[in-house]
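J.: please work out how this folds:
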Amino acid sequence: MDEYEIVERVKDWYRTGSIKAFHYFLLIDRTIISDESYKRSYRHNASISKQVIGEVVHDGTGYESILEFPVLRWNFISSAYLYKKCYVIREYSLFGPAPLPNLKYIIYCITGITAHELKDRLVIELVDLDVAANNLNLPKIVSSVLGPKLLSENNMIEDDEFYEINEHMYSQKLFAGHTWNDAKIIVFRYFNENERELSKEVFKISQAYQRVFRPYRVVYNTKTWQPVLM
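T.: Predicted coordinates for the structure are as follows:
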């Protein structure tokens, strides 16, 4: 599947109305299953871990900043990258009990909540995991933290190692001279607190966001299911 096909598949899955969980997996056969279903299946068929090609994050929000910049709100890139590289994080069970060597995409599927003025919008952003990880310097960061463990099959990572990797990643000023968290605060203030004097800074952050994550983005109107600008 290419990016267009994956986003269309996620849109069609969303239209079924059967979404109840926050975190799902996209399998190579186009099936989308919850993380709980995946973990149950893994107990009977460990090879299912090799069928996972995408992580699908679904949520609703009342904040326009999250609809505009979903990756800044939910960071799964570092943990997804570690699982792809055949690590398992000891206390981080969202990705299950085993590495996901064929994980390629993170797909953010975000809707406006019922009371929100954008309640009829579905935002889907697809991020290529390798592209984003490289632009976030994760290969170097992971190597510096884990040292000789790097590329060891099925190596268990302790919580403190995972947190250290995230600390290094978050501290980089990759977003127009801002760290990840500072950029998130600025776009929140602009969109949700109407601080319009931040418009130039938000524009620069938006350019950096595109450069770092290179998201394939489609916004749908959930009444017509046609693509719209926002």
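
J.: pairing partners for the helix or strand of the chain at the bottom of the mean pLDDT ranking, with directions?
T.: The helix or strand of the chain with the poorest confidence is strand 155-157; it has a mean of 83 (mean pLDDT, DSSP states H and E). Under the criterion DSSP bridges, strand 155-157 sits next to strand 87-89 (parallel) in its sheet.

J.: in the strand it pairs with, what's buried?
T.: Applying a neighbour-count criterion of 16 or more other Cβ atoms under 10 Å, one finds 87, 88, 89 buried in strand 87-89. (Glycine included, C-beta is placed from N, CA and C.)

J.: quick one: the residues you listed as CSV, columns for distance to residue 59 and pLDDT too.
T.: Shown next, in CSV, are the buried residues of strand 87-89 (distance: Cβ to Cβ, whole Å; pLDDT from 0 to 100):
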residue, distance to residue 59, pLDDT
87, 26, 89
88, 25, 89
89, 21, 88
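
J.: ok, back up a step: so what touches the least confident helix or strand of the chain?
T.: Residues outside strand 155-157 that contact it (Cβ atoms under 8 Å, 6 or more residues apart in numbering): 82, 86, 87, 88, 89, 90, 146, 149.

J.: what pLDDT is listed against the first one?
T.: Reading off the per-residue confidence, residue 82 sits at a pLDDT of 93.

J.: in the least confident helix or strand of the chain, what's buried?
T.: Along strand 155-157, these residues count as buried under the neighbour rule (16+ other Cβ under 10 Å): residue 157.

J.: ranges for the strands of the protein?
T.: 23-27, 32-34, 52-61, 87-89, 105-112, 121-128, 155-157, 216-221, 227-228 (DSSP state E).
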